[in-house]
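S.K.: Just a sequence and a predicted model for now, questions to come.
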Amino acid sequence: MTVFRATLKDRTVLEKYLRYNDYPGCEFSAANNILWSPYYDTGYVILEDMMSFCKLKNDLPVCFSFPVGNGDAKKAFDCIREYFDGNNMEFSMYLVEDKMFQQIEEWYPGEYTISFDRDSADYLYEYKTLSELKGKKLHGKRNHINAFIEQYPDYVYEDIDETNINECKQLADDWAKEHEAGGTDEENSEYEVKVLKFALDNMKELGLEGGLIRVGERVVAFTVGEPLTKNTYVIHFEKAYADVRGAYPMINREYVRRKISGYQYINREEDMGLPGLRHAKTTYQPIRLVEKGFVTRRNS
């Protein structure tokens, strides 16, 4: 079994298989895997004209995702089974959604079990909810946006391009310093900023796009995302100055309205179990959580 590390040159290969994916989990993106592969030590394999992501240990796969592509899913799944059996390893599969597990159950009834990790569940929102922010439950978001517009009536929205990327990178550096100064480096801000800067420097090569909010000469917020499936868009990064009231909800709303109108759903990724991030994502009223299951064999 040949394992490949996801790099910029692999984007075309990954997208060849991912175009058949309709699962709205943020990991099923070529850019996501290229960006985070070194940090999470992941790769991918091609089996029976299907692609599967894998977690690595000492350069060897120890866990696989459910195969995606236009080939034979069962044959690819069986290759994964044979890999574990042949190496005397426990079967391990991650990023498995319900319908994937139902397929496994159809192939091998009662042989496998699935468990879910709440901290890794993505937040999925309806486009209409984030673009309109209507209703009592979103009253607070509207208040923050109104306060922003009142204080900064001459704000400007811009698409991210080569003329303003360096300003976004400066904001990212400032964001990391704020986290470190406040003792809230739980999100491993140093590594995240390194990944974010690489994403900004290679947006075209990664298939990413983004937008920012400018107040005077200062970029106060920006976001970066990409289409994920035919009806779902994913936001990979969103940064703003904490001392600019309304900057976060403002870039969220403006980007959704200006760039994502053709999509029904928006994935804003997981909260990693961080209480503040969980609260923030929950207050935007997600339509559901995108659960990611971990599949193992049942004890005989």
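M.R.: Nice, thanks for sending it over.
S.K.: Output the below-cut-off pLDDT ranges for the stretch 51-200 of the chain.
M.R.: Within the stretch 51-200 of the chain, the segments meeting pLDDT under 70 span 180-187.
S.K.: just the strands in it please.
M.R.: 60-65, 68-69, 93-96, 112-116, 122-126, 156-159 (DSSP state E, counting those that start in this stretch).
S.K.: For Q264, which of those is the nearest?
M.R.: Closest approach to Q264 among the strands of the stretch 51-200 of the chain (C-beta to C-beta): strand 122-126, 6.9 Å. (Each C-beta comes from the backbone N, C-alpha and C, glycine too.)
S.K.: returning to what we had before: could you dump the strands of the stretch 51-200 of the chain into CSV and include distance to N146 and mean neighbour count?
M.R.: Formatted as CSV, these follow (distance: least, C-beta to C-beta, whole Å; neighbours: other C-beta atoms under 10 Å):
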stretch, distance to N146, mean neighbour count
strand 60-65, 43, 21
strand 68-69, 43, 21
strand 93-96, 39, 22
strand 112-116, 38, 15
strand 122-126, 21, 21
strand 156-159, 17, 14
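S.K.: Turn those strands into JSON lines, including distance to R253.
M.R.: Below are the strands of the stretch 51-200 of the chain laid out as JSON lines (distance: least, C-beta to C-beta, whole Å):
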{"stretch": "strand 60-65", "distance to R253": "33"}
{"stretch": "strand 68-69", "distance to R253": "32"}
{"stretch": "strand 93-96", "distance to R253": "30"}
{"stretch": "strand 112-116", "distance to R253": "31"}
{"stretch": "strand 122-126", "distance to R253": "12"}
{"stretch": "strand 156-159", "distance to R253": "10"}
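S.K.: Which of those sits closest to S261?
M.R.: Of all those, strand 122-126 comes closest under C-beta to C-beta, at 12.7 Å.
S.K.: Measure how far the closest one is from the centre of its chain, please.
M.R.: 11 Å (C-alpha atoms, centre = their mean, to the nearest Å).
S.K.: and that strand, which strands flank it?
M.R.: Strand 122-126 pairs in its sheet with strand 265-267 (antiparallel), strand 288-290 (antiparallel), by DSSP bridges.
S.K.: Can you give the contact residues for the lengthiest helix in the chain?
M.R.: Secondary structure of the chain per DSSP state H: the longest helix is helix 165-181. With C-beta atoms under 8 Å, 6 or more residues apart in numbering as the test, helix 165-181 has contacts from 160, 185, 187, 189-190, 192-193, 196-197, 200-201, 203, 210, 212, 219-222, 239-242.
S.K.: Brilliant, that's me finished.
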